[in-house]
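Colleague: return atomic coordinates for the entry below.
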Amino acid sequence: MHLHTPAPPIDPAQQSRLDRRRWRRAFNVSLVAVLALLAVYSAQPTFDAGAWTVRPHVVDGLRGVATAPLLHGSVAHVASNSLGLLALGTLTIAQYPRALLRTVPLAWIGSGLAAWWLGEAGSAHLGASGVINGMLFMVLTLGLVRRDRPAVAAAMLGLTLFGGMLMSVLPHEPGISWQSHLGGAIGGVIGGLWGRRSDPMPPRVRYSWEDDDDGIDEPVAETPSDATRRVPVRVTWG
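Modeller: Numbers count the residues shown, from 1 in each chain. The predicted structure follows:
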């Protein structure tokens, strides 16, 4: 995948360096986000984390819309979300940094509101999986609407690594907040459609055979009068 530039790269070596720098920066930003999740999880024993989760149909539970993605219920929970955040964060920051800035707030708020509205009374919802779902659905949406090679490649990569998350928006396993996954996915689709033109599309390469086709003269339609003038007329005298 090439860095999105107004014109095709002239120096392949320079382009390769720019690509490596771009992906390294995306990885570093994603790693910082993962470290932030781990820091919050390590601090959870020092405060009442349950008060900051999404609790459906309770007014006080709405505060979790802002804080629940930062909280996790176990080491396995935070480890799973950290892996997804690191991989999808690197992919989306490298490919769609501007679209991602629009998508993350939508997925964040959407996952919380869906959990609060659709969740069962008495339950508590927490974890970053709804936001990660939004990032995946943003990548898939952009692959469908943009259809340039980097977008399709990013969508295929996301689908290959995290295709199982597509079914997480439906009730399938007790203890899994499908409601937050669904809200995050909706936010991801909306963010993808909203930001489909935010990041420049890669330049389209024009091949030599296309120029040759442009040089071919197109046939000119004949009028009936032109065709009649070309018909030979034989005159006979009686």
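Colleague: what ranges do the helices span in this protein?
Modeller: Taking DSSP state H as the criterion, the chain contains helices spanning 12-43, 64-67, 75-95, 97-118, 129-146, 149-162, 178-194, 208-214, 224-230.
Colleague: which among those helices is found nearest to Ser168?
Modeller: Evaluated over the helices of the chain, closeness to Ser168 peaks at helix 178-194, with 4.4 Å, by Cβ to Cβ. (Glycine included, C-beta is placed from N, CA and C.)
Colleague: give me the helices and strands touching the closest one, please.
Modeller: helix 97-118, helix 129-146 (3 or more Cβ pairs under 8 Å, 6 or more residues apart in numbering; DSSP states H and E).
Colleague: how much does it deviate in direction from helix 97-118?
Modeller: If you take axes from the mean of the first three to the mean of the last three Cα atoms, to 10 degrees, helix 178-194 sits at 150 degrees to helix 97-118.
Colleague: centre of the chain to helix 178-194, how far?
Modeller: Averaging C-alpha positions (Cα atoms, centre = their mean, to the nearest Å) puts helix 178-194 10 Å from its chain's average.
Colleague: now stretch 106-121
Modeller: The answer for stretch 106-121 is 20 Å, by Cα atoms, centre = their mean.
Colleague: picking that back up, let me know which of the helices and strands packed on helix 178-194 is tucked in deepest.
Modeller: Compared across the helices and strands packed on helix 178-194, helix 129-146 shows the largest average neighbour count, a mean of 27 (mean count of other Cβ atoms under 10 Å).
Colleague: which other helices and strands does that one contact?
Modeller: helix 75-95, helix 97-118, helix 149-162, helix 178-194.
Colleague: now that helix: how far from the chain's centre is it?
Modeller: 3 Å.
Colleague: go on, stretch 163-172?
Modeller: Taking mean C-alpha positions (Cα atoms, centre = their mean), stretch 163-172 and its chain are 17 Å apart.
Colleague: list the buried residues of it.
Modeller: The neighbour-count check on stretch 163-172 (16 or more other Cβ atoms under 10 Å) flags Met165, Ser168, Val169 as buried.
Colleague: now stretch 58-68
Modeller: Buried residues in stretch 58-68 (16+ other Cβ under 10 Å): Gly61, Arg63, Gly64, Val65, Thr67, Ala68.
Colleague: got the contact list for it?
Modeller: 51-55, 109, 112-113, 115-116, 121, 124-127, 180 (Cβ atoms under 8 Å, 6 or more residues apart in numbering).
Colleague: from the residues you listed, which one has the minimum pLDDT?
Modeller: Ranked by pLDDT, the contacts of stretch 58-68 bottom out at Ala121, which has 92.
Colleague: quick one, what contacts the nearest residue in space to Ala49 that is not next to it in sequence?
Modeller: Excluding the flanking residues, the one nearest Ala49 by Cβ to Cβ, 6 or more residues apart in numbering is Leu71, at 5.3 Å. Going by Cβ under 8 Å, 6+ apart, Leu71 touches Val40, Tyr41, Gln44, Ala49, Trp52, Thr53, Leu126, Gly127.
Colleague: of those residues - the most surrounded one?
Modeller: In terms of neighbour count, Gly127 stands highest of those at 27 neighbours, by other Cβ atoms under 10 Å.
Colleague: leaving out the residues flanking it, which one is nearest to Gly192?
Modeller: Per Cβ to Cβ, 6+ apart, closest to Gly192 is Thr141, 3.0 Å.
Colleague: quick one, what contacts the one you found?
Modeller: Gly188, Val189, Gly191, Gly192, Leu193, Arg196.
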